[in-house]
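*Asks:* Could you look at this predicted model? Sequence included:
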Amino acid sequence: MKLLEKAINWATRKSPWIIHYNSGSCNGCDIETIDALTPRFDLERIGIIQQGSPRHADILICTGAVTIQTRDRLKQIYDQMPEPKYVIAVGTCACSGGIFDGCYCVMGGVDSVIPVDVYVPGCAVRPEAIISAVQKLLDTIGESKKKRDSNAKSLADSMNNNNLTRGMKNNTENNAENNGQDGGDLCAS
């Protein structure tokens with residue numbers, strides 16, 4: 001690793017700038033994301049600053065399923081971010097499309113458009129889970145992409161095991177309750 005790359009990784013770890021983008025969520029995860037920045041949780045105490053411009057952001061926090069209308073905007077925001085850039089998918093909808101997956105206007109999770117470094121499942125995700133995901137991402141900055149992918153999977157597994165997520169059931173539980181039949185209603189649980 002070159003000296004300049006090491007300096008950039010060090011600066012990103014010490015004071016990352018975050019931009020938040022809602023690609024089509026119900027605003028539940030958005031409220032929890034903003035809650036993580038309030039004085040109760042106060043991400044700024046560890047150097048994390050919310051940024052309004054993608055040209056100055058290091059980390060993109062994305063909530064909601066990607067729709068046909070938001071696909072191009074999400075890609076544009078990602079392309080405007082300087083290297084190195086990282087993406088956190090917050091909420092079940094951002095991770096997999098959630099209850100809207102399969103809808104005519106929904107493309108799926110964030111990873112259907114841009115690469116994702118950390119997945120934070122849940123509906124709605126608690127601020128503690130978001131803070132934990134950001135901290136885990138900061139710990140892995142400077143590592144190889146392959147190692148970051150394995151860390152993202154282990155983080156998602158640990159969050160499920162620690163009950164930091166709430167709300168949505170997984171697809172096997174839903175199918176078992178509906179005897180394997182989908183009702184076609186987006187709001188059915």
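*Replies:* Sure, I can see it.
*Asks:* For this structure, which residues score under the pLDDT cut-off?
*Replies:* Along the chain, segments meeting pLDDT under 70 span 1, 7-14, 142-189.
*Asks:* mind running it again at 80?
*Replies:* 1-15, 37-39, 42-47, 49, 141-189 (pLDDT under 80).
*Asks:* Now do the helices in it.
*Replies:* Along the chain, counting by DSSP state H, helices occupy 3-14, 28-36, 68-80, 92-96, 127-140, 145-161, 171-177.
*Asks:* Show me what the second one is packed up against.
*Replies:* If I follow you right, that is helix 28-36. strand 17-22, strand 59-63, strand 86-90, helix 127-140 (3 or more CB pairs under 8 Å, 6 or more residues apart in numbering; DSSP states H and E). Heads up, the C-betas are built off the backbone N, CA and C, glycines and all.
*Asks:* From the rest of the structure, what touches that helix?
*Replies:* With contacts defined as CB atoms under 8 Å, 6 or more residues apart in numbering, helix 28-36 is touched by 20, 22, 41, 43, 61, 63-64, 90-91, 93-94, 122-127, 130-131.
*Asks:* Can you tell me how far residue 70 is from residue 99?
*Replies:* Separation of residue 70 from residue 99 (CB to CB, to the nearest Å) stands at 17 Å.
*Asks:* same question, residue 140
*Replies:* Counting by CB to CB, the separation of residue 140 from residue 99 is 30 Å.
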